[in-house]
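Participant: the following block contains a protein sequence and its predicted model.
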Amino acid sequence: MNDKLLRIGTTYLPVTNVEISSKWYVNKLGAELSYKDEDKAILNFANQSIFLVKSKEDQSSNFYDIYGQEHFSLTFEVDGLNSLEAIHKDFIHKQIKLGEIEDRGHAGKNFVFYDLDGNKFDVWSELSPKFKEKHLISQ
């Protein structure tokens, strides 16, 4: 038996309208809707389960550091700079609110994007080596 945490299975995100938000995630990000009622929706994408939970207005998963800088709570990974650039271009075409591709001084490049409720996400051009190995993605 392996007595340690092995993976993150579900992430919960606050949304003001479950119906509209679940359609946005399906249409804009390619999520698969597996359940929905008026209070929550369960989506599957990026090898994870995402619960959209009906919440009060002006709530998000974002937080602020000690310098007042807003941060995202999730980073999605893609397989290389070409994939990052293609997804960035696709998000522009889909009119998703997003930032420019940037170099943050570490391996790879990133950009941020936002859902309808202002939940901020990061996209990074580097897949983790363990994910590549597990899913047999050649390097």
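Facilitator: All right, it came through fine.
Participant: grab the nearest non-local neighbour of residue 57.
Facilitator: residue 16 (5.4 Å; CB to CB, 6 or more residues apart in numbering). Heads up, the C-betas are built off the backbone N, CA and C, glycines and all.
Participant: and the pLDDT for the one you found?
Facilitator: On pLDDT, residue 16 comes in at 97.
Participant: identify the residues contacting it.
Facilitator: Going by CB atoms under 8 Å, 6 or more residues apart in numbering, residue 16 touches 54-57, 117.
Participant: and for residue 123?
Facilitator: Counting by CB under 8 Å, 6+ apart, residue 123 makes contact with 75-78, 84, 87-88, 110-113.
Participant: so how far is residue 23 from the residue nearest to residue 57?
Facilitator: Taking CB to CB, to the nearest Å as the criterion, residue 16 is separated from residue 23 by 14 Å.
Participant: need the overlap of contacts for those two.
Facilitator: When contacts are counted by CB under 8 Å, 6+ apart, residue 16 and residue 23 have no shared neighbour.
Participant: just the strands in this protein please.
Facilitator: Counting by DSSP state E, the chain has strands at residues 10-15, 32-36, 40-45, 48-54, 63-64, 70-71, 74-77, 110-114, 120-124.
Participant: and the residue nearest to residue 100 when sequence neighbours are not counted, how far from residue 53?
Facilitator: Excluding the flanking residues, the one nearest residue 100 by CB to CB, 6+ apart is residue 111, at 6.4 Å. Noted for residue 111: a distance of 26 Å to residue 53, by CB to CB.
Participant: neighbours of the residue nearest to residue 100, how many?
Facilitator: Residue 111: 19 surrounding residues under other CB atoms under 10 Å.
Participant: against residue 52, how distant is the residue nearest to residue 57?
Facilitator: Using CB to CB, residue 16 is found at 10 Å from residue 52.
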